[in-house]
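S.K.: next come a sequence and a model predicted from it.
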Amino acid sequence: MICQLKKIVIMKFNIIILALVSLVALSCTGLDENLYSQVDSDEYGKTPQEVETIVGGAYSSLRGFRDDLSNSYPTSEYVFFLNEVVSDEATIPTRGTDWFDGGRYQEAQRHTYTPLNEMVLSAWRYCYQGVASVNGIIYQVEQSQLTDEAKATIFAELRTVRAYYYYLLLDMFGNVPIVTDFEDTELPSNSTREEVFNFVEQELTESIPLLSEEKIYGRFTQNVANTLLARLYLNAEVYVGAPRWQDCINACEKVTGYTLEADYFANFITENQGSMENIFVIPYDHKEGTVGNYLHSMTFHYLHRFTVSATGDYPWCANGISAQPGVYSKFEDNDKRKASMLAGEQINLNTGSVIIMDSGEPLVYTEEIENFTDAKQNEGVRLYKYEVKAGETWERDHDWVVMRYAEVLMMQAECYMRLGNEGLARTFVEPVSQRAGIEVPANLDLDFLNDELLREFIFEGHRRTTNIRFGDYFEPWWEKGTTPIERGIFPIPQSERDKNTNLNQNPGYN
Amino acid sequence: MKTIYSTILTKQLQIVFSICLGMTTLFMNAQQIDIEVVGIVLDDLGVPLPGASILIEGTTTGTVTDFDGGFSLKVPENNNIIISYVGYKELNIAISSNTIIPLAITLLPDLAALDEVVVVAVGYGTMRKSDLTGSISSISSDDLRQGVISSTEQVLQGKVAGLTVVQGSGDPASGATLKLRGGTSLTASNNPLVVVDGIPGVDINTVQPSEILSIDVLKDASAAAIYGSRGANGVIIITTNREGKGKSMSYSSFTAIGKVNRRLDMLSSNQWRQYVRENSIDGAVDYGANTNWAEELEQVSFSQSHTLAFSNGDKLSGMRGSVSYLKNEGVIKTTQLERLSGSISGYQYGLNDKLKLQIGLNSSIDNWQPLDYRIFQRSYNLSPVIPVYDGVGEFTSVGGTNYENPIELLTNRTAKDKRHRLLGYLKADLDITKNLKAVANLSYELNSHKGNLYKPTFAVLEGRTDNGFGQKTLGEYENKQFETYLSYSNTINNHRFNILAGYSFLENVYEGFGAFRRGFDSDLFEYNNLGAGFDYRAGDVYSYKGESRLVSFYSRANYTFNDKYMLTGTIRWDGSSRFGANNKWGVFPSASFAWRISEEKFMESTSNWLNNLKFRIGYGVTGNQDGIGEYKSLSIMGAGSSSYYDAVNDIWKRAYAPTQNANPDLKWESTEQINLGVDFSLFNRINGTIELYSKMTSDLLYTYSVPQPPYLVGTMLANVGDLSNKGIELTLNGSIINTKDMQFSADLVLASNKQKIEKLSNQQYETDVIFSGSLHGLPGMSNQFAQIIKEGFPVGTFWGYEALGKDEDGKYILSEEKKNLGNVQPKFTMGFGMNFKYKSFDASVLTTSMFGQKVLNATGMSLWDPNRLPAQNVPDDFINSGITSDPIYSSYWVEDASFFRLQTLTLGYSFDFEKIGISNINARAYVTGENLFVITGYSGIDPEVNTSGLESPGIDLFNFYPRPTTVSFGINLSI
């Protein structure tokens, strides 16, 4: 019985196998994927035109990104916010329920930031996303069929973009891993702040001769790289403990072809691409899909839109970041740059009278913020540097100013001052102050330069670095006590250390 | 129970008595003469049984009963006749001259035997129910959930133990989420694979509920492993009505009225004024109106449905066609779903009845208006003193983000979506020999979705700022399949076996495009002339295409010995283009064994009450490849996802950047499952099943963040974690009263599942905790999360501060540390239904319940905010609560959302036309109430909150479309 059964089974099984084999022969069993609207990385970047679009990616990375983990925009949430709020020029007070968000802004204000702070993570990821994409781009350009000469030029530019990210990492985090090889998949460990400094210096000095001598808008040229190098030297004492004032001056002197705009705000209008002063900008155009450039909406009161448009047709505003109390009054009334802030009554264009808030009180932006953790909706003067106009969309169109010629002048002024040459320092600071309508005092000193740096570069993201360089960062100020010296750099984000156990935490943090 | 038992006893005694009587006559009359036996054969309900066989014992002489159950047979005196009918217990009656003629013979059903003839779809063929070794629940068309159904999966609600069907919304355009035995995946779909008439992976809505003959749900791995890498979440096999028997026509129709019966109790305008007065709030602006914003959004819905079907068929050929129309109006203004669907199918035999060809076509067209869900949050925000319309009849706009007039949002918008579903197939069955059969199935599915949206230039949200916004999109999905298998079955003595082997090829292609435009000088065109807009932006035009292929080999062997011991083994090899280069093929084996202990000799003593007792054990491995998607293992460059400024040429160009790391190891999620089952039937009245299972899912897919550098992209889809589910299920069907005039039955399904994340890390990817359940968008809670995904906890575990009470100032007192606040997984789920029939009346009721699951009432949490008044509205309860604290996420709002819902209640009446001389017409009229009440302690609108996905499982967050209470009136006619 069993035998019979077995026989049948075997026989039938043979038939089945036969049938299957013939079927398979007839049918397709290919399991490779055909791509249609996506590109396999290995198959892209063969022609010069394709290579150009890959290199372009290095520049679009400068606008940052948003994903589930972080909001990494250099223009607002949170890279800009972080650097502004920890400095003495801006604050994000908690207003009722709004802007508490787990306490991340309060931590920044009070310099109690921890490795869990989302803003710190956002800043880290902004830089390393940039580094990773540049490394990937270098790898892809290497694979391309371009001539070695053409590659060398492209590499110089890409290395400069990467050096910019590493400069930011050096400034914000200090001891960060240096990764330059895309194919290296080892989990990297920290380099010392000095190593990072040397790396940035080397990358820049090696690249500069190969960069364009011409001005190219929004690209890393020799002028841009020299300005960056000057920034590096200006802060060398903070970064590596040894000042490099003369090197900073030398780098500044190589920046040519720029001049101060007669109108300070010409650099910040929506169509600011004509500025003769801006050395490096991150270009924005909402019609081209650029995102992240919505600082106006982060600062204005919810009902501010009626001051721009009688019908209230203006993107929604979230009533957040404001100037820290004490900043507005640091500007003399005749200082043209005081208009970088918006204070006072806000008029409804429809009614012609002052806007009334939900509380029934008028909307009057005040310098004072009585209670940082429960501020009134109208407290704090607002960031008003870039042009605000009716018809603008949530994504604004002004190009984001990263470096201006005024900075090159002020760096030289500061270096000469620190080298004891007040006379030369004066020649560099005077054009800047006079344009704003204020006089340089007879006795020029670093304190004046410090205040002038605040006034000239307010809300341009420089202030934290300046505060640290001048040492103010560690002194008490509004809503903040003494800051331990270790907090001059941010902690390495915890989630990054979870992923990469080779990363050590910065000193002073857990 | 006792009475039922005694009825049976009485009947059996009667039979015994009549047999004795026959025996007596045997002794008394030795001389044989033929007796003309006439009689009628009835079932236990007294309904005539046509086609029952009457045989003189020991001979081949006999007859069958006619249409009315009657028969006539000449029987030699003192012989016995055997009366038999499939599914009924055989009767042996002695015939003598004393036998009282005519005979009235009542056959009793043999439930165990019925199982033998009931077939169950098991994938690639059917099996006798009695031969099953795996865990399979079967539902016949009569048992499907009734009411206004616009998404086919809803018919399964409360019907299958272990299958939770959560309808998270009352939106007529939204379906329900299915989850079997707790689900197996974190990020991938937990939807079971749907097989329609043998075609796997089909959209369940290609079949209308009226077309369904039966649904079989393959629950354990030993049953589902035949579907390999798609079987991990179970398989729902739908068999539709393809073949008409005889000539018939049917028409059914209903009209339904629905309304909202639960809403949040917000301050009325008078309460608001009183509050403002008592608290002397100066700035509060009274616009003088009395508006209930929630009610302003609502409407009483009127829905209707018509279905017409006819069929014509005999043994050799036949066809069936049907067409149906459904208009399901929503209880929120503007929403409705309209569906026109039709199906046609036919079959014919050829080659001496050895070849059977079947073709079929199902098609449906849905038209609906998608809703802007932002209206719900606005309806709570706007204060009740604000009028809907201002003095000149315009929509009132008081300004402010999140304060937009929801009626304006609802009105100033044109949104029309259309979906077209088409499923066509050709199937051939060839009997090569008596035992060997070949089957080939060729199918094509096309599913397209058109989207149209226009926000006019005067629409407050987006319309005004964009100066008009128009959008048109088209997405298309094709599913081409070829399947073929050979099946050999034979019975040799007591050995019954079936061997099957097959091959399948599947290709999915999806493609689509879309276009947006802003800047319209006129609103006249709406979305129909996008070219009229002047404001062009990058990304306003896009298109895409992708495809995947699945190649499979599969085999199954069943062996049954003596109807007592059953053994099943299956194996499937799946090769998928989606899998990474290092894992192109997966193997999915299973084995199961069953023992019908009630057939054993030693169980004879209990056979009078224990009609069936069967033990089953099964083990198998199944996969889930849903979470992978196409091209996920490759290193991808993002084409045109961002742009850069080319200063030399003064133009913006698309930048190409890496968007995805390569992961050549990427593969399916793999679930090992062991299942123990017991099937029993008692007293011929009660059928039951108990299942115990333990599942372990490994290689869980999750998008891990990876260090960057060295990776090009900061995230990576990888197979890392383990997830376990253990549970128990009980199914009971009882036929409590079963007489000719009155029948009463009850069904109960109960299930309990315990889930645990066993592992989230391996050498390569380390994850301590993943935050989920985003609260982003609530004031003060940007980038905050309510839940954690962590080893040792189930998915959807709420993690936060415990609220210990409130202090004198009305601030919450919170625990020092964050804690486990419970999770969204129900402790157990229940479906309970009853059917009652008395003469022409029938009634049925279905209740569904879930117990022990937690829901975060984020709506309540953010509404209980002292900053809201006077500008925004708050719930009544908040005023009396004394809470002065800003909203904080804590256990205060993590509520027990256990509920008991009266899902449907139906009353029906069947007309008897024979009384008035019209035969062959069946007509029934009924009324069905749906969602008549829900018992719950949950303080939000409805405790049944969507629990799928990681975004916001079990979080009630404003976007809640109220589930209506509906009453429908319907008729069914057939001739």
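M.R.: Ah, there it is.

S.K.: find the residue at the geometric middle of chain B.
M.R.: For chain B, the residue sitting closest to the mean C-alpha position, by C-alpha atoms, centre = their mean, is B:Glu153 at 3.1 Å.

S.K.: contacts only, for that one.
M.R.: B:165, B:175-176, B:178, B:204 (C-beta atoms under 8 Å, 6 or more residues apart in numbering or on different chains). C-beta: built from backbone N, CA, C; applies to glycine.

S.K.: can you give me the helices in the stretch 401-510 of chain A?
M.R.: Remark: helices assigned in the stretch 401-510 of chain A by DSSP state H, counting those that start in this stretch are A:405-418, A:422-436, A:446-456, A:463-470, A:494-499.

S.K.: and the stretch 351-500 of chain B, by the same measure?
M.R.: Assigned by DSSP H, counting those that start in this stretch, the helices in the stretch 351-500 of chain B fall at B:374-381, B:406-411, B:463-466.

S.K.: check these for me: which has the lowest mean pLDDT.
M.R.: Confidence, taken as mean pLDDT, is least for helix B:463-466 of those (a mean of 84).

S.K.: quick one: check it for contact with chain A.
M.R.: Yes. Using C-beta under 8 Å from any C-beta of the partner chain, helix B:463-466 reaches chain A at B:464-466.

S.K.: let's have those in TSV, adding neighbour count.
M.R.: Listed next are the residues of helix B:463-466 next to chain A as TSV, based on neighbours: other C-beta atoms under 10 Å in any protein chain shown:
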residue	neighbour count
B:Arg464	20
B:Thr465	23
B:Asp466	22
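
S.K.: closest to B:Leu775 out of these?
M.R.: Closest to B:Leu775 out of those is B:Thr465 (26.6 Å), distances taken as C-beta to C-beta.

S.K.: can you get me a residue count around the residue nearest to that closest one when sequence neighbours are not counted?
M.R.: Nearest non-adjacent residue to B:Thr465, counting by C-beta to C-beta, 6 or more residues apart in numbering or on different chains: A:Asp313, 5.7 Å away. By other C-beta atoms under 10 Å in any protein chain shown, 17 other residues sit near A:Asp313.

S.K.: before we move on, the earlier item: got the phi and psi for the residue nearest to the centre of chain B?
M.R.: Per-residue torsions, B:Glu153: phi -60, psi -20 (degrees, to the nearest 10).

S.K.: in contact with residue 478, which residues?
M.R.: Looking at chain A here, since you left the chain open. By C-beta under 8 Å, 6+ apart, the contact set of A:Trp478 is A:88, A:91, A:324-326.

S.K.: think we crossed wires, I meant chain B
M.R.: Residues near B:Glu478 by C-beta under 8 Å, 6+ apart: B:444-447, B:507-510.

S.K.: and B:Asn467, by the same measure?
M.R.: Contacts of B:Asn467 (C-beta under 8 Å, 6+ apart): B:457, B:518-520, B:535.

S.K.: so of these, which ones are in strands?
M.R.: In this view, these that belong to strands under DSSP state E are B:Arg518.

S.K.: coming back round to it: from what I can see the residue nearest to B:Thr465 touches A:Arg305, true?
M.R.: Yes. Between A:Asp313 and A:Arg305 there is a contact under C-beta atoms under 8 Å: 7.4 Å.

S.K.: all strands of the stretch 101-250 of chain B, in order?
M.R.: B:103-106, B:119-121, B:126-128, B:136-140, B:163-166, B:177-180, B:193-196, B:199-200, B:212-218, B:235-240, B:246-259 (DSSP state E, counting those that start in this stretch).

S.K.: got it, and the stretch 51-200 of chain A?
M.R.: Counting by DSSP E, counting those that start in this stretch, the strands of the stretch 51-200 of chain A are A:65-66, A:71-72, A:90-91.

S.K.: near chain A, which residues of the stretch 751-900 of chain B show up?
M.R.: Contact residues (C-beta under 8 Å from any C-beta) of the stretch 751-900 of chain B with chain A: B:766-768, B:779-784, B:865, B:867, B:870-871, B:886-887.

S.K.: quick check on these: which are buried?
M.R.: Neighbour counting with 16 or more other C-beta atoms under 10 Å in any protein chain shown marks B:767, B:779-784, B:865, B:867, B:870-871, B:886-887 as buried within these.

S.K.: any low-confidence regions in the stretch 1-150 of chain B?
M.R.: Residues of the stretch 1-150 of chain B that meet the criterion pLDDT under 70 lie in B:1-32, B:111-117.

S.K.: now with 80?
M.R.: B:1-33, B:44-47, B:50, B:60, B:67, B:86-87, B:89, B:100, B:109-118, B:144-150 (pLDDT under 80).

S.K.: any idea which residue of it lies closest to chain A?
M.R.: Ranked by C-beta to the nearest C-beta, the top residue of the stretch 1-150 of chain B for proximity to chain A is B:Tyr124, at 13.1 Å.

S.K.: one step back: element containing the residue nearest to B:Thr465, please.
M.R.: Using DSSP states H and E, A:Asp313 sits within no helix or strand.

S.K.: measure the residue lying closest to A:Tyr36 once chain neighbours are set aside to B:Val713 for me?
M.R.: Leaving aside its sequence neighbours, A:Tyr36 sits nearest to B:Lys545 (C-beta to C-beta, 6+ apart; 3.8 Å). Look at B:Lys545 and B:Val713: by C-beta to C-beta, to the nearest Å, they are 22 Å apart.

S.K.: same thing with A:Leu210?
M.R.: Noted for A:Leu210: a distance of 29 Å to B:Val713, by C-beta to C-beta.

S.K.: looking at these two, which has the bigger crowd around it?
M.R.: Using other C-beta under 10 Å as the criterion, A:Leu210 and B:Val713 rank with B:Val713 on top: 21 against 17.

S.K.: and the more buried one, how far from B:Gly627?
M.R.: B:Val713 sits 18 Å away from B:Gly627, going by C-beta to C-beta.

S.K.: can you check B:Leu474 too?
M.R.: 26 Å.

S.K.: again with B:Ile955
M.R.: As judged by C-beta to C-beta, B:Ile955 and B:Gly627 stand 21 Å apart.

S.K.: go on, A:Trp400?
M.R.: Per C-beta to C-beta, A:Trp400 is found 38 Å from B:Gly627.

S.K.: same check, this time on B:Val706
M.R.: To B:Gly627, B:Val706 is 18 Å away according to C-beta to C-beta.

S.K.: and the strands in the stretch 651-800 of chain B?
M.R.: Counting by DSSP E, counting those that start in this stretch, one finds strands in the stretch 651-800 of chain B at the ranges B:651-660, B:669-682, B:686-705, B:715-738, B:742-759, B:769-774, B:785-790, B:797-806.

S.K.: B:Leu474 and B:Gly627: which is more packed in?
M.R.: Under the criterion of other C-beta under 10 Å, the comparison of B:Leu474 against B:Gly627 puts B:Gly627 first, with 22 against 16.

S.K.: could you list the low-pLDDT ranges of the stretch 101-250 of chain A?
M.R.: Within the stretch 101-250 of chain A, the stretches with pLDDT under 80 are A:182-185.

S.K.: measure the spatially most central residue of chain A to B:Asp66 for me?
M.R.: Nearest to the geometric centre of chain A sits A:Pro74, at 2.8 Å (C-alpha atoms, centre = their mean). Using C-beta to C-beta, we find A:Pro74 at a distance of 90 Å from B:Asp66.
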